[in-house]
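1. Below: sequence and its predicted model.
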Amino acid sequence: MKSKVVVVLAIAAMTVAATSCDKLKSRDQLNKGVQAYKSAQYPQAVEHFKSAVDLDPKFDTARLYLATAYMMQYVPGAESPENMQMASAAQDQFQKVLDQKPSKSSEELAIASIASLYFNEKKLDDAKQWYEKLVSMNPKNKEAYYTLGVIAWTKTFAPRMEVRAKLGMKPEDPGPIKDKKIRTELAAKSGPIAEEGIQDLKKALELDPEYDDAMAYMNLLLRERADLEDSSEAYKKDTEEADNWVQKSLETRKIKAERKPAGGGITTETK
């Protein structure tokens with residue numbers, strides 16, 4: 001009986017030793033991968049990170065690096081099978097990170113990366129869903145709110161321009177869209193999207209009152225809403241507000257530029 005216990009303990013000890021050895025090898029592969037990644041040698045980095053994950057499947061850091069190395073090889077806008085495969089591989093690895101219930105910081109990074117990949121693939125509904133997950137997890141993520149605003153504008157701009165073109169309205173012609181029936185139909189589809197985007201941009205600007213990119217898209221979304229209004233007075237009110245955001249954006253960018261030190265030096269702030 002004692003001999004059986006000794007054998008079992010010996011096997012257990014060997015298993016622990018092997019596991020520890022694999023973990024050490026995994027971290028060695030991670031370090032080699034990081035060096036290749038820093039040198040922008042992404043295919044080589046992928047191989048090292050894959051080895052690290054194979055040796056320690058629960059090593060979240062290695063899997064995050066593997067996913068990111070795939071993502072770095074993805075070229076937004078290019079639709080070749082190889083390029084799309086890179087995006088798919090990155091999404092798959094980020095999802096596996098999430099499946100392992102990682103730390104909050106790793107979870108947020110994985111969600112943000114999946115959202116970004118979908119956005120760059122122009123899969124706007126999927127991107128919106130993931131950015132909403134991101135702000136649900138971190139309500140202080142201004143970039144996520146901003147991108148939701150960009151998505152809203154992207155989804156509403158083209159349909160509005162198509163309607164204007166069909167009605168013989170030039171882009172510079174004042175609105176609202178002149179055909180009431182068509183305007184009402186478009187407002188039912190695009191109005192809620194534009195309004196939601198405006199609210200998202202407001203949240204981004206609450207988090208960062210100097211977020212000039214958000215100001216620029218606030219201008220654009222207000223013009224989307226303006227063209228769907230029922231009266232010239234409401235149209236005028238929206239476009240005037242849009243013009244104010246354009247001016248504020250320009251002023252903010254000027255202030256930021258003046259705040260930057262000459263020559264890119266480091267500044268110290270006194271309070």
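-> Ah, there it is. Just so you know, these numbers come straight off a predicted model, no measurement behind them.
2. And for Asp173, nearest residue in space, chain neighbours not counted?
-> The shortest distance from Asp173 to any residue other than its chain neighbours is 7.4 Å, reached at Arg164 (CB to CB, 6 or more residues apart in numbering). Bear in mind the C-beta positions are built from the backbone N, C-alpha and C, glycine included.
3. Figure out the helix or strand that the closest residue to Leu134 other than its chain neighbours lives in.
-> Leaving aside its sequence neighbours, Leu134 sits nearest to Ala144 (CB to CB, 6+ apart; 4.4 Å). Assessed by DSSP states H and E, Ala144 sits inside helix 142-166.
4. Spit out the contact partners of the most centrally placed residue in the chain.
-> Centroid-nearest residue in the chain: Ser116, 3.3 Å away (criterion: CA atoms, centre = their mean). Neighbouring residues of Ser116 by CB atoms under 8 Å, 6 or more residues apart in numbering: 71, 127.
5. Swap in 6 Å and give it another go.
-> Under the criterion of CB atoms under 6 Å, 6 or more residues apart in numbering, Ser116 has no neighbours.
6. Report pLDDT for it.
-> Looking at Ser116, its pLDDT stands at 97.
7. do the same with Leu9
-> 36.
8. residue ranges with poor pLDDT in this structure?
-> For the chain, residues meeting the criterion pLDDT under 70 lie at 1-19, 262-271.
9. Show me the domain layout of it.
-> As recorded under automatic domain parsing, the domains making up the chain are 22-123, 139-256.
10. Output the ones you listed as JSON lines; include the columns distance to Lys133.
-> Shown next, in JSON lines, are these (distance: least, CB to CB, whole Å):
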{"stretch": "domain 22-123", "distance to Lys133": "5"}
{"stretch": "domain 139-256", "distance to Lys133": "9"}
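11. Mind telling me what element Gln199 is part of?
-> helix 180-207.
12. Do you have the helices of the stretch 1-150 of the chain handy? List them.
-> 2-38, 42-55, 60-72, 81-99, 104-120, 124-137, 142-166 (DSSP state H, counting those that start in this stretch).
13. could you say what helices and strands the helix holding Ala144 packs with?
-> helix 124-137, helix 180-207, helix 212-227 (3 or more CB pairs under 6 Å, 6 or more residues apart in numbering; DSSP states H and E).
14. And the contacts of the shortest one?
-> Residues from elsewhere that reach helix 124-137 (CB under 6 Å, 6+ apart): 108, 111-112, 114-115, 118-119, 141, 144, 147-148, 151, 155.
15. run the last query once more with 7 Å
-> Residues from elsewhere that reach helix 124-137 (CB atoms under 7 Å, 6 or more residues apart in numbering): 108, 111-112, 114-115, 118-119, 141, 144-145, 147-148, 151, 154-155.
16. Next, the buried residues of it.
-> Buried residues in helix 124-137, defined by neighbour count with 16 or more other CB atoms under 10 Å: 126-128, 130-131, 133-135.
17. in the helix holding Gln199, what's buried?
-> 183, 186-187, 190-191, 193-194, 196-198, 200-201, 203-205, 207.
18. And for stretch 138-156?
-> Applying a neighbour-count criterion of 16+ other CB under 10 Å, one finds 141-156 buried in stretch 138-156.
19. Kindly report the same for stretch 110-126.
-> For stretch 110-126, a neighbour-count test (16+ other CB under 10 Å) marks 110-119, 121, 126 as buried.
20. How about stretch 45-63?
-> Those would be 45-53, 55-56, 59-63, for stretch 45-63 by 16+ other CB under 10 Å.
21. For those, work out which two are farthest apart.
-> Spanning the widest gap among the buried residues of stretch 45-63 are Glu47 and Asp60, at 19.0 Å by CB to CB.
22. correct me, but Gly33 touches Tyr65?
-> Yes. Look at Gly33 against Tyr65 with CB atoms under 7 Å: they come within range, at 6.0 Å.
23. shared neighbours of those two, anything?
-> Phe49.
24. who has more neighbours, the two?
-> More crowded of Gly33 and Tyr65, by other CB atoms under 10 Å: Gly33, with 26 against 22.
25. How about the contacts made by that one?
-> Counting by CB under 7 Å, 6+ apart, Gly33 has contacts 45, 48-49, 52, 65.
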